[in-house]
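Visitor: Pasting a predicted model and its sequence here:
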Amino acid sequence: MKFKRLGLLILLFTVAAVVHAADNTQTNTPPSPADLEHSGNNIFRVGVIERSDVKRAAALLERAVDYLQKYGPERSFGAFSDRKSAFVNNEYYVFVVGLDGILRASGGDPLWLIGLSALDFHDAAGKYFVREMLDMAKTSESGTIEYNWLNRLDNRVEIKTTQFHKVGNYIVCVGYYIPRASVEEATALLNRAVALLKKSGGSTAFKTFNDPKGGYVINDEYVFAVGLEDGKYRASGAAPQLTGTDVLDATDVAGKPIFKEMIEIAKRNGSGSIDYLWRNPATNAVEQKHTLIQRVDDVLLGVGYYSKK
């Protein structure tokens, strides 16, 4: 069958990760058996993306744990809280909470909280994440929690994923932020893409959309273009290697024929939106995606944004 052959071909490629503003480096690893599974005609559930954010946070956590085990609490907590130390790098920093809930060290803001109880720390949604982490540490020496926290680099409250490891009476933590575009940002990017296509024509625009440094791939946002008549990708910022692929019969992980629906909407109304399940290139997780589409002559352009639920 057509899509089986395409599936085998696409397994030769690893889906390109969105370039993160803080670090353009990414590491691709061979796909696991689970990643190679696909249902129906869905050819896009392939590839493993290890974002640099995750790896950098894990590496920093490992170094901090080793340092604490080697030099002990007093020296380690001073190093972790020193903004000029190797344990603070932009949004990546170490913080330590005792099993008694006291904040023992932190390379983030504000420093005056060190020495105070963190049990009542909660995020913007009211989640007591320190309490949750302490509960998790009762049964596991390591783990991961998510909460909303201020990213001091862009002064925005964003989803933060924190990895932790228990060392004696202390929990050592390092977090990273997961970018999530808003409907306003997706709309603005789609409008820019439409303007570029109308001004520069397909060849230039599609090449720009596929360029991770072209300004149309931003964290979890990217532009894709599909021909209205042939159902083929003209461009896909998250996976440029799929350009030319026939996606007309492709479905999301729930079996929804998303591209057929997009094309119908574009032909009927000229613009619109559609919801479906899709792999987020920023998190490598299948999430709910809300995509805005706009017809430009015989092509539809799309930009989506993700939510976890």
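Guide: On my side now, so go ahead.
Visitor: my guess is Arg63 is in a helix, correct?
Guide: Yes - assigned with DSSP: H, G, I helix; E, B strand; the rest coil, Arg63 falls within a helix.
Visitor: wait, it sits on Phe87?
Guide: Yes - counting by C-beta atoms under 8 Å, Phe87 is a contact partner of Arg63 at 7.4 Å. Any C-beta I mention is one placed from the backbone N, CA and C, and that applies to glycine too.
Visitor: May I see the domains of this structure written out as residue ranges?
Guide: Listed domain ranges for the chain are 53-178, 181-307 (source: automatic domain parsing).
Visitor: just to revisit the earlier point, who has more neighbours, Arg63 and Phe87?
Guide: Phe87 (22 against 14; other C-beta atoms under 10 Å).
Visitor: So which of the domains of the chain is the most surrounded?
Guide: Among the domains of the chain, domain 181-307 has the highest mean neighbour count (mean count of other C-beta atoms under 10 Å), at a mean of 19.
Visitor: For that domain, measure first residue to last.
Guide: This stretch, domain 181-307, spans 9 Å end to end (C-alpha to C-alpha, to the nearest Å).
Visitor: Average pLDDT for that domain, rounded please.
Guide: For domain 181-307, mean pLDDT is 94.
Visitor: cool, and stretch 67-75?
Guide: Across stretch 67-75, the average pLDDT comes to 97.
Visitor: Measure how far that stretch is from the centre of its chain, please.
Guide: Stretch 67-75 has its C-alpha centroid displaced from the chain centroid by 33 Å (C-alpha atoms, centre = their mean, to the nearest Å).
Visitor: contact partners of that stretch?
Guide: Residues from elsewhere that reach stretch 67-75 (C-beta atoms under 8 Å, 6 or more residues apart in numbering): Ser76, Ala79, Phe87, Val96, Arg104, Val167, Tyr170, Val172.
Visitor: Save those residues as a markdown table, and put in distance to Ile178 too.
Guide: Below are the contacts of stretch 67-75 laid out as a markdown table (distance: C-beta to C-beta, whole Å):
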| residue | distance to Ile178 |
| --- | --- |
| Ser76 | 28 |
| Ala79 | 27 |
| Phe87 | 22 |
| Val96 | 23 |
| Arg104 | 26 |
| Val167 | 26 |
| Tyr170 | 26 |
| Val172 | 21 |
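Visitor: Tell me the one among the residues you listed nearest to Phe224.
Guide: Checking the contacts of stretch 67-75 against Phe224 with C-beta to C-beta, the nearest one is Phe87 at 39.6 Å.
Visitor: which residues touch the closest one?
Guide: Leu60, Arg63, Ala64, Tyr67, Ala79, Phe80, Tyr93, Val94, Gly107.
Visitor: Which members of those are the farthest-apart pair?
Guide: Checking those with C-beta to C-beta, the most distant pair is Tyr67 and Tyr93, at 13.6 Å.
Visitor: what ranges do the helices span in the chain?
Guide: Under the criterion DSSP state H, the chain contains helices at 2-10, 33-36, 52-71, 73-80, 129-137, 183-200, 202-210, 258-269.
Visitor: which residues does Glu229 contact?
Guide: Asp298.
Visitor: ok, now how distant is it from Asp298?
Guide: Using C-beta to C-beta, to the nearest Å, Glu229 is found at 6 Å from Asp298.
Visitor: same thing with Gly168?
Guide: Distance, Gly168 to Asp298, by C-beta to C-beta: 65 Å.
Visitor: Likewise for Ser140?
Guide: In this view, Ser140 and Asp298 are 54 Å apart by C-beta to C-beta.
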